[in-house]
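Visitor: Structure of the sequence below:
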Amino acid sequence: MAIIKGITVTLIGKEFAGTDPFGAPIFEDKEILVNNVLLSPTSAEDVINQLTITGKRAVYTLAIPKGDENAWEDQEVHFFGEKWRVFGIPLQGIDELIPLAWNKKVMVERYD
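Guide: So this is what the prediction gives:
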């Protein structure tokens, strides 16, 4: 029996670091390792839909494990030695109604 297991990705979160002399908040990047993330190439239909709606080309869809509390919207993600940017709103299901270990998905585009 095959066991489904994801990879570890690095989510670049923002951490409050203080304020500047004008009172505006300053944030620093914080690397957060997220284990057991599934990756799949985005379907051709989803690529076309996202390109039409947002003007962004989805490359991968990431399945996020249940219990993850990180903010994913508009964040930078590193995997496969490349930088990616999450776009759109993360879609989340109800934990109890989803049989596997993942309940949220996000789409990413290539980011330089």
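
Visitor: can we go C-alpha only for contacts and neighbour counts from here?
Guide: Noted.

Visitor: Quick check: end-to-end length of stretch 60-80?
Guide: 12 Å (CA to CA, to the nearest Å).

Visitor: shift numbering so it begins at 35
Guide: Let's use 35 as the start, then, which means that last one is stretch 94-114.

Visitor: Give me the contact list for it.
Guide: 42-47, 69-76, 117-124, 129, 135-143 (CA atoms under 8 Å, 6 or more residues apart in numbering).

Visitor: buried set for that stretch?
Guide: Under the neighbour-count criterion of 16 or more other CA atoms under 10 Å, stretch 94-114 has 94, 95, 96, 97, 98, 99, 100, 106, 110, 111, 112 buried.

Visitor: Please name the nearest non-neighbouring residue to the second one.
Guide: Of all residues not flanking residue 95 in the chain, residue 141 sits nearest, at 4.5 Å (CA to CA, 6 or more residues apart in numbering).

Visitor: do you know how far the one you found is from residue 61?
Guide: 24 Å.

Visitor: neighbour count winner among those two?
Guide: Taking other CA atoms under 10 Å, residue 141 and residue 61 do not tie; residue 141 has more neighbours (28 against 13).

Visitor: right, and residue 68 touches residue 47 too?
Guide: No - with contact defined as CA atoms under 8 Å, residue 68 does not reach residue 47; the gap is 11.4 Å.

Visitor: So which of the buried residues of stretch 94-114 are in strands?
Guide: 94, 95, 96, 97, 98, 99, 110, 111, 112 (DSSP state E).

Visitor: What does the residue nearest to residue 138 when sequence neighbours are not counted show for phi and psi?
Guide: Leaving aside its chain neighbours, residue 138 sits nearest to residue 126 (4.2 Å; criterion: CA to CA, 6+ apart). Main-chain torsions, residue 126, degrees, to the nearest 10: phi -130, psi 140.

Visitor: Next up, the contacts around residue 126.
Guide: 137, 138, 139 are the contacts of residue 126 under CA under 8 Å, 6+ apart.

Visitor: got those residues as a markdown table, with distance to residue 52, pLDDT and neighbour count columns?
Guide: Below are those laid out as a markdown table (distance: CA to CA, whole Å; pLDDT from 0 to 100; neighbours: other CA atoms under 10 Å):
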| residue | distance to residue 52 | pLDDT | neighbour count |
| --- | --- | --- | --- |
| 137 | 34 | 92 | 20 |
| 138 | 31 | 94 | 18 |
| 139 | 32 | 93 | 19 |
